[in-house]
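Student: next input, structure requested:
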Amino acid sequence: MDEGTFAEWLKRDGEWINAGDMLFVLESEKAAQEIESFDAGTLRLLPDGPQPGDIVKVGQTIGHLEPKAKQAAESSTPPAAPVKAQQAPPTGAVVAPQSGNPVERKAQQSAASSQASSMKPTVKTIDSAPSSPRARRVASELGVDLSQIAGTGKGGRIRERDVLSAALTAPDKKTSAGRVVAASSLRRTIADRMVNSQQTTAPVTLTRRVDATNLQNLRQQFTAAKTGAAPTVTAVLIKLTALALTKHELLNSRWEDDQIVMPEEVHIGVAVDTPQGLLVPVIRDVQQLSLSDVSRKLEEIKSRAAARKLTPDELRGGTFTITNLGRFGVETFTPIINTPESAILGVGAMRREPVVLADDRIVPRDVLSLSLTFDHRVVDGAPAAEFLQTLAHAIENPAAWLIGS
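Tutor: Below you'll find the model as predicted:
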């Protein structure tokens, strides 16, 4: 991360800060994170510090913490004599003498700035409707004029959803080559990662159809038991995939610095579609979780992703990714590897189809399509096919696999 969008201060100017207190909120392309203080002191904001929606660079100073010792020393110093402002230069700016302690200089600069402002020609300011920091950031990315939006929040406050709605309904810019749609920072990040994956891996995709009738029956048993919401197909597949990966470690490996790293843990990334773009939050140690835990965590990360409340830690460290396009009717596709992982599983639509059994009976069954893309630098075709075969067996007999885990 080289830069981020400043969202808001969580503390006030002059407020005492303890180590570990959350100071401000910083947004990256994918998540908003509260930043904590590692020191204690009184917060002093800069006169020209960042405002909500401003871009800040890593390492940029946005405020100061004054320790108690410094405050005590300053309070014991006799009051300084009144400082007269120097004659204003022709430009109308007022320059205050740079004497006294740092706090006095800050006050002098502030007073000088106020006096300089009073010398400038009066400019009528048109107040726009209040807006959230997230709305201002998205508006800046999409080129949306906030003054043209009617906010749906309390008191007419413009929210992120209002900006997105305006962006979708507003006419795109047109050039001789066609319409021009602004790409958000998240869209650009996704584009960079997708291109990097295609350029740095040797992707191969295998597809397979699996009888998922028993998996569907298992979900119906959860519903009949009335012990809560039945786990989704994705939740069951996440758990079964993690169990299959423990038997095929190469598919759970990562390509790093021309070496194959094989972690002991299974951290499954789940592709989540949001209004802003694709995010891949990670469920950790899936092989150790119960199916109900996986189901709960899946719903949590989907909700947090939609609200852009995921933390950076929740978006990294995955060892394998699952993406499900079945709800759109897609059966097979070629998912792109989420580097540096070595494989990704695409889940297609489940169809009710006639199937010929071993005794030649034709019966209706629930058939699921799977698409496995793997990095041929790390995994050969046969081991990848063996993993897909193991996963298929787990899907065909989910109860036995889940009880055994």
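
Student: burial count for residue 300?
Tutor: Neighbour count of residue 300, defined by other CB atoms under 10 Å: 13. Heads up, the C-betas are built off the backbone N, CA and C, glycines and all.

Student: my read is it is in a helix, agree?
Tutor: Yes: counting by DSSP: H, G, I helix; E, B strand; the rest coil, residue 300 is found in a helix.

Student: any idea what the residue nearest to residue 12 when sequence neighbours are not counted is bridged to?
Tutor: Spatial nearest neighbour of residue 12, excluding adjacent residues (CB to CB, 6 or more residues apart in numbering): residue 43 at 7.2 Å. For residue 43, the beta-bridge partners under DSSP bridges are residue 65.

Student: surely residue 43 meets residue 65?
Tutor: Yes: counting by CB atoms under 8 Å, residue 43 touches residue 65, with 6.3 Å between them.

Student: residues touching residue 302, list them.
Tutor: 270, 272 (CB atoms under 8 Å, 6 or more residues apart in numbering).

Student: from residue 25, how far off is it?
Tutor: Applying CB to CB, to the nearest Å, the value for residue 302 to residue 25 is 22 Å.

Student: again with residue 32
Tutor: As judged by CB to CB, residue 32 and residue 25 stand 6 Å apart.

Student: got any residues that touch both of these two?
Tutor: Joint contacts of residue 32 and residue 25 (CB under 8 Å, 6+ apart) are residue 7.

Student: residues contacting the residue nearest to residue 12?
Tutor: Listed by CB under 8 Å, 6+ apart, the contact set of residue 43 reads 11-17, 23, 63-65.

Student: can I assume residue 269 sits in a strand?
Tutor: Yes: assigned with three-state DSSP, residue 269 falls within a strand.

Student: and it, what's its pLDDT?
Tutor: The per-residue pLDDT reported for residue 269 equals 97.

Student: leaving out sequence neighbours, find the closest residue to it.
Tutor: residue 318 (3.4 Å).

Student: now do residue 345
Tutor: Once flanking residues are discounted, residue 345 sits nearest to residue 322: 4.9 Å by CB to CB, 6+ apart.

Student: just the element for that neighbour, please.
Tutor: Of the helices and strands defined by DSSP states H and E, residue 322 is found in strand 320-324.

Student: the helix or strand that that strand is followed by to strand 320-324, inter-axis angle?
Tutor: Sequence-wise, the next helix or strand downstream of strand 320-324 (DSSP H and E) is strand 343-356. When axes from the mean of the first three to the mean of the last three CA atoms, to 10 degrees is applied, the directions of strand 343-356 and strand 320-324 differ by 50 degrees.

Student: pairing partners for strand 343-356, with directions?
Tutor: Assessed with DSSP bridges, strand 343-356 is paired to strand 320-324 (parallel), strand 362-375 (antiparallel).

Student: single out the most deeply packed of those strands.
Tutor: Among the strands paired with strand 343-356, strand 320-324 has the highest mean neighbour count (mean count of other CB atoms under 10 Å), at a mean of 22.

Student: quick one: contacts of that strand?
Tutor: Contacts with strand 320-324, where a contact means CB under 8 Å, 6+ apart, come from 233-234, 237-238, 241-242, 245, 251-252, 266-271, 280, 335, 337-338, 341, 343-347.

Student: which residues does stretch 240-252 contact?
Tutor: For stretch 240-252, contacts defined as CB under 8 Å, 6+ apart pick out 260, 262-263, 266, 268, 286-287, 319-320, 322, 342-343, 345, 374, 378-379, 383-384, 386-387, 390-391, 394-395, 398, 401-402, 405.

Student: and if you look at stretch 2-10?
Tutor: The contact list for stretch 2-10, computed with CB under 8 Å, 6+ apart, reads 21-28, 32, 34, 45, 50-58, 62, 133-134, 137.

Student: out of these, which sit inside helices?
Tutor: Here DSSP state H is the test, and the contacts of stretch 2-10 give 133-134, 137 as lying in helices.

Student: which among these gets closest to residue 306?
Tutor: In terms of CB to CB, no member of these lies closer to residue 306 than residue 134, at 12.9 Å.

Student: hmm, the closest one is touching residue 161, no?
Tutor: No: at 9.7 Å, residue 134 does not count as touching residue 161 under the criterion of CB under 8 Å.

Student: which one's more surrounded, these two?
Tutor: Set residue 134 next to residue 161 and count neighbours by other CB under 10 Å: residue 134 wins out with 22 against 15.

Student: now the helices: where do they sit in the protein?
Tutor: For the chain, applying DSSP H gives helices covering 68-75, 102-119, 133-142, 160-169, 185-200, 213-225, 233-245, 291-306, 381-396, 398-404.

Student: identify the residues contacting the closest residue to residue 384 other than its chain neighbours.
Tutor: Spatial nearest neighbour of residue 384, excluding adjacent residues (CB to CB, 6+ apart): residue 374 at 4.6 Å. Neighbouring residues of residue 374 by CB under 8 Å, 6+ apart: 203-204, 206, 251, 337, 342-343, 384.
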